[in-house]
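In: Make a model of this:
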Amino acid sequence: MTDSKYFTTTKKGEIFELKAELNSDKKEKKKEAVKKVIASMTVGKDVSALFPDVVNCMQTDNLELKKLVYLYLMNYAKSQPDMAIMAVNTFVKDCEDPNPLIRALAVRTMGCIRVDKITEYLCEPLRKCLKDEDPYVRKTAAVCVAKLHDINAQLVEDQGFLDTLKDLISDSNPMVVANAVAALSEIAESHPSSNLLDLNPQSINKLLTALNECTEWGQIFILDCLANYTPKDDREAQSICERVTPRLSHANSAVVLSAVKVLMKFMEMLSKDLDYYGTLLKKLAPPLVTLLSAEPELQYVALRNINLIVQKRPEILKHEMKVFFVKYNDPIYVKLEKLDIMIRLASQANIAQVLAELKEYATEVDVDFVRKAVRAIGRCAIKVEQSAERCVSTLLDLIQTKVNYVVQEAIVVIKDIFRKYPNKYESVIATLCENLDSLDEPEARAAMIWIVGEYAERIDNADELLESFLEGFHDESTQVQLQLLTAIVKLFLKKPTETQELVQQVLSLATQDSDNPDLRDRGYIYWRLLSTDPVAAKEVVLAEKPLISEETDLIEPTLLDELICYIGTLASVYHKPPSAFVEGGRGVVHKSLPPRTASSESTESPETAPAGAPPGEQPDVIPAQGDLLGDLLNLDLGPPVSGPPLATTSVQMGAVDLLGGGLDSLMGDEPEGIGGPNFAAPPAAAVPASLGAPIGSGLSDLFDLTSGVGTLSGSYVAPKAVWLPAMKAKGLEISGTFTRQVGSISMDLQLTNKALQVMTDFAIQFNRNSFGLAPAAPLQVHAPLSPNQTVEISLPLNTVGSVMKMEPLNNLQVAVKNNIDVFYFSTLYPLHILFVEDGKMDRQMFLATWKDIPNENEAQFQIRDCPLNAEAVSSKLQSSNIFTIAKRNVEGQDMLYQSLKLTNGIWVLAELRIQPGNPSFTDLELSLKCRAPEVSQHVYQAYETILKN
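Out: Numbers count the residues shown, from 1 in each chain. Coordinates of the predicted model:
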């Protein structure tokens, strides 16, 4: 007879009868009764009244009965905590039972009884089981520690269970190791600050040894733990990768994805020149391809992960395009995902294949899929320039089919093709205009209106076409209304005489008859522009547009790096970091890829412009998708402008772009017209006329508007200047200056949050620069930066970073990241922060070196109106590590002979002639000699800065 009999009963007074049976002397009857109790409990009946009777049945050798009682206990202990204490004794006894299965069962149940009162009684039995001779008991006890920690963390820490868990990582049994790792990871997730999994090369070695013999779940725990480890160098990273690679051929797809995660993370540290790097790329492709032969749901998860992998390292799957071709019986969600990956992998080599395939898809019956396929053809044209011609003709063929939704999608993507390749394919506009009447979707209508407005001078009846849209202006969606407003203003600026009425009509519709604030605002801006300065309006509205980048839908690089660390988890399917969908944020740690090691830094990412590219070449409007965390600044930001001396007494800081516009164009957030002559920013505080230093002479000159701010003790410190205004950094304003004190250089920053959201996760990185300046520690912002809050930070710097000659020499390009975005700026550091303390040369050495340096390396400078005498000059310069070696008086003039040494070991020798002028001011003549004459100009600027402040 089956167990179904326990669920049926005809008797009355059920609880009473069960009670009698539970207290029966016969073992069989007892077991039957407990089964009936469990059956009632399962269907939702309340049998908690039988608690004492069931607990009495615990005293038995029968394993089956024990399991049933423990099951009952787990369910009702919470509602009957006082009764549950009765069971403690039995647990203690069972933990010393000769049968390891019973010992393990007792420990497992203890962990599941979530009652505070009992927990402390369970510590002793648990301690014994953690040191049990049987590995099955130890592995069960390890998980129990994690459960206990969830109930009472303090108790677990006080009892020393965490240390015991750490010891279990060195256990001889691989399953015990895996469970210990799982338990510690679980505890560490809920306490991100505690450094529980303190991994070192020895413990990593033990984990890798256990990896080969674990069950598949154990392997996943260990691989996830390995992924959180940062190897000390590329050799260690390579050896871990070699030992993890065999997991790629595992039958369980979760193990495969966990192994891929570890390899993707550690590949960051390997140099691309290594033979092993190429081998690893080849080994990663087959397991990913194999995942696609599973059932559709698994395929989808695999495809979402592959999508991330392809964005990070397209070279892994570049030869596997055919695997992603759509099968007729694939579900729609798999089809769309495959299509996305096909476009990401499209290249000149395979574009013919891809286009033929996409053209097939465009004739399918599934509307969503067809739309995506048509869009994909457009994306291929933008991505692979050589294929643009073929893509455009394919799109025109599709337009000829006259299938409504195909035509509309085609028009949307042709608009993008026009933006990527201006003045190339405009001959197709006539064909597009024929289909004007069939457009009913907002996006397609908006695209068509954009095309008509943009190329109004080539379309004879452009005004009629736009007028036809204007008739139903109020019924259009906002997207179409905004586009129509802009298109008609463009048309007016191109053909002012014929379209005066049309533009007035649209402006009044937008400003007076509309409820939409966006539309009203844009209408008023155009109205004012046109009425006050038509020339400026032309510059703004008809400004040359930046070319669009192919991959507008790429995941933002810092987010991509974080998601790579979550391969094989829900985050990799959602393409969102866990903090976006895990409620309460408990246990959510932001992860990032390890920084590239020095050996791998030399290899430029293929997509990024070389850092020394000529300033004239504009980088992509969308920052190149290299590893922005690993090398935040592979982009050429353009040097600061070095202009003529400031002649006027008042300077508009908006007009003097210290950063040379390089960053504006990089951020791509301003049309070119703005910032031109008609749009000067409001004047800043007036600069004294005496300040005649060139703009390129370092921030200390430009911004030192007050006199006497610097102190005489220690090196001169310039006042803080705004390096990154809030409007260019989504509300983050950064001001700063550089200091040198007792041999250590620091960058003193002031971060102000002018946005409406909290800012966290700050990080900073410098581009390679002339003197190898680099942060000596991470950017420590200890608490989240709330709106309108300001925080001051001193970032220690060293000079052991990568070196690359910059123009000008003291240009520093900086990237700052927070939870919102990555922001770039460049600034000039005063050279005197690099003057070292042991720069005093011996007299004989000075004479020999001065003679030894060729005369053409000597540079002459004048410092006018210096308010100091020879003594004061000497002591002031000495406080900034410029040392006087000898002093002579020749014909009433003081001569100082000085030396200084830069952090990179370059010596600069100086002769300073002090000519007494009027009583309070003297003129100085400075002669500098140096084996690297390009530093002389900057050393002179340092002299002037120090002496005049």
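
In: wait, is residue 797 part of a strand?
Out: Yes - assessed by DSSP: H, G, I helix; E, B strand; the rest coil, residue 797 belongs to a strand.

In: So, low pLDDT: which residues of this structure?
Out: In the predicted model of the chain, residues 1-2, 4-13, 192-195, 550-553, 584-589, 596-714, 916-920 satisfy pLDDT under 70.

In: what's the domain layout of it?
Out: Structural domains assigned to the chain are 3-229, 346-439, 441-532, 721-829, 834-948, following the TED database.

In: Figure out the length between the terminal residues of the last one.
Out: Read it as domain 834-948. In domain 834-948, first residue to last residue: 19 Å (C-alpha to C-alpha, to the nearest Å).

In: For residue 384, give me its contacts.
Out: Contacts for residue 384 were tallied using C-beta atoms under 8 Å, 6 or more residues apart in numbering; they are 346-348, 351. Quick note: C-beta positions are derived from backbone N, CA and C, even for glycine.

In: By neighbours, which of those residues wins?
Out: Within these, most neighbours by other C-beta atoms under 10 Å means residue 346, with 24 neighbours.

In: correct me, but that one touches residue 381?
Out: No - using C-beta atoms under 8 Å, residue 346 is not in contact with residue 381, being 10.0 Å away.

In: ok so, going back, just send the domains of the chain back as CSV, with distance to residue 241 too.
Out: Formatted as CSV, these follow (distance: least, C-beta to C-beta, whole Å):
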stretch, distance to residue 241
domain 3-229, 10
domain 346-439, 26
domain 441-532, 45
domain 721-829, 25
domain 834-948, 36
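
In: Quick one: closest of those domains to residue 571.
Out: Among the domains of the chain, the nearest to residue 571 by C-beta to C-beta is domain 3-229 (12.7 Å).

In: coming back round to it: if we only consider the contacts of residue 384, which is nearest to residue 49?
Out: residue 346 (69.4 Å).

In: From residue 458, how far out is residue 427?
Out: The gap separating residue 427 from residue 458 is 10 Å, by C-beta to C-beta, to the nearest Å.

In: Which one's more surrounded, those two?
Out: For residue 427 versus residue 458, the count of surrounding residues by other C-beta under 10 Å is larger for residue 458: 13 against 9.

In: Could I get the full set of strands for the stretch 101-250 of the chain?
Out: Listed in chain order, the stretch 101-250 of the chain contains no strands at all (DSSP state E, counting those that start in this stretch).

In: for it, what spans make up the helices?
Out: For the stretch 101-250 of the chain, applying DSSP state H, counting those that start in this stretch gives helices covering 116-130, 135-151, 153-158, 161-168, 174-190, 201-211, 216-227, 234-244.

In: May I see the buried residues of the fourth one?
Out: Right, the one you point to is helix 161-168. Across helix 161-168, burial judged by 16 or more other C-beta atoms under 10 Å covers 161-162, 164-165, 168.

In: what would the helices of the stretch 101-250 of the chain look like in a markdown table with distance to residue 516?
Out: Listed next are the helices of the stretch 101-250 of the chain as a markdown table, based on distance: least, C-beta to C-beta, whole Å:
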| stretch | distance to residue 516 |
| --- | --- |
| helix 116-130 | 57 |
| helix 135-151 | 51 |
| helix 153-158 | 53 |
| helix 161-168 | 59 |
| helix 174-190 | 46 |
| helix 201-211 | 59 |
| helix 216-227 | 48 |
| helix 234-244 | 54 |
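
In: So which of the ones you listed is nearest residue 847?
Out: helix 234-244 (48.2 Å).

In: Can you give the contact residues for that closest one?
Out: Residues outside helix 234-244 that contact it (C-beta under 8 Å, 6+ apart): 201, 204, 208, 211, 223, 226, 229, 231, 259, 262-263, 266-267, 269-271, 274, 276, 280, 594, 597, 599-600.

In: rewinding a little: give me the subset of the contacts of residue 384 that lies in helices.
Out: Using DSSP state H to define helices, the subset of the contacts of residue 384 located there is residue 351.

In: Max pairwise distance over the contacts of residue 384: which two?
Out: For those, the farthest-apart pair by C-beta to C-beta is 346 and 348; their separation is 8.8 Å.

In: before we move on, the earlier item: I'd like to know which of the domains of the chain lies nearest to residue 303.
Out: Of all these, domain 346-439 sits nearest to residue 303, with 14.0 Å by C-beta to C-beta.

In: got the end-to-end distance for that closest one?
Out: Terminal residues of domain 346-439 lie 30 Å apart, using C-alpha to C-alpha.

In: For the residue sitting nearest the centre point of the chain, give its distance to residue 593.
Out: The structure's the chain has its C-alpha centroid closest to residue 558; by C-alpha atoms, centre = their mean the separation is 1.6 Å. Applying C-beta to C-beta, the value for residue 558 to residue 593 is 10 Å.
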